[in-house]
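K.L.:
Could you look at this predicted model? Sequence included:
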Amino acid sequence: GWIYQRLGDYPQAVKHLEAKLELRRTIGDRYGEATALSHLGWVAHDQGDYQAGLAYCRQALDISRLINDRENEAYALAGMGLNQEQLDNHEAAAENYRTALAIHAEIGAATLAVFDQAGLARIALVQNNPQQAQTYITPVVNWVQAGNAQKFWDPWIIYLSAYEVLTALGQAETA
């Protein structure tokens with residue numbers, strides 16, 4: 001499903017992720033169920049169905065918290081932030097990203113934390129807080145410049161976020 005999502009074939013992505021979800025539910029694999037739901041939430045975002053994306057990610061969040069899966073808890077929160085951001089629910093999006101960032105820091109997932117920081121930088125820009133945007137985008141830029149972007153499953157979203165934030169901050173050369 002993830003490969004089809006990256007290729008932009010959302011119907012195939014959904015088909016495969018729904019099959020994974022059904023299988024995981026059938027065998028009682030709560031971890032697999034939560035990850036499938038998170039992925040469906042991100043695909044819904046890519047399709048522009050932000051309410052469905054939120055619903056999937058909320059389900060994933062509930063299960064992840066129930067089974068104490070911190071990594072998927074943060075992934076579900078980041079997905080919620082992404083969907084909330086598109087719905088212009090900036091405070092909720094920022095809270096989701098901040099909570100995901102704290103969990104990623106706690107579990108040592110520096111690569112995943114970069115996504116949260118990029119989201120927080122975008123939100124700070126929308127909220128007309130350039131100083132906070134700079135605070136969040138600086139570690140993202142340092143991470144990219146250190147050659148780490150290929151460690152992320154979708155480096156283009158990180159590049160685009162950094163470019164947009166830096167350009168808005170008047171740092172076109174760095175962008």
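P.N.:
Looks like it came in fine.
K.L.:
how about stretch 154-163: buried residues?
P.N.:
Residues 158-159, 161-163 are the ones in stretch 154-163 that count as buried (16 or more other Cβ atoms under 10 Å). Glycine gets a C-beta too; all of them are placed from N, C-alpha and C.
K.L.:
quick one: Ile103 and Glu73 touch, right?
P.N.:
Yes: Ile103 is within contact range of Glu73, at 6.0 Å (criterion: Cβ atoms under 8 Å).
K.L.:
Distance check, the spatially most central residue of the chain against Gly8.
P.N.:
Residue closest to the mean C-alpha point of the chain, counted by Cα atoms, centre = their mean, is Ala78 at 3.8 Å. Ala78 is 20 Å from Gly8, where distance means Cβ to Cβ, to the nearest Å.
K.L.:
repeat for Cys57
P.N.:
Taking Cβ to Cβ, one finds Cys57 at 20 Å from Gly8.
K.L.:
Neighbour count for those two, which is higher?
P.N.:
Cys57 (31 against 9; other Cβ atoms under 10 Å).
K.L.:
name the element the more buried one belongs to?
P.N.:
Element membership for Cys57 (DSSP states H and E) is helix 50-67.
K.L.:
And that helix, what's buried?
P.N.:
In terms of neighbour count (16+ other Cβ under 10 Å), helix 50-67 has its buried residues at 50, 52-61, 63-64.
K.L.:
right, and the residue nearest to the centre of the chain touches Tyr97 too?
P.N.:
Yes: contact criterion Cβ under 8 Å: Ala78 and Tyr97 qualify, at 6.6 Å.
K.L.:
Kindly indicate whether Leu77 is helix, strand or coil.
P.N.:
Here Leu77 is helix, with the state taken from DSSP: H, G, I helix; E, B strand; the rest coil.
K.L.:
Pull the residues that contact the lowest-mean-pLDDT helix or strand in the chain.
P.N.:
Ranked by mean pLDDT, DSSP states H and E, the weakest helix or strand in the chain is helix 2-7, scoring a mean of 88. Residues from elsewhere that reach helix 2-7 (Cβ atoms under 8 Å, 6 or more residues apart in numbering): 10, 12-13, 16, 39, 42-43, 46, 153-154.
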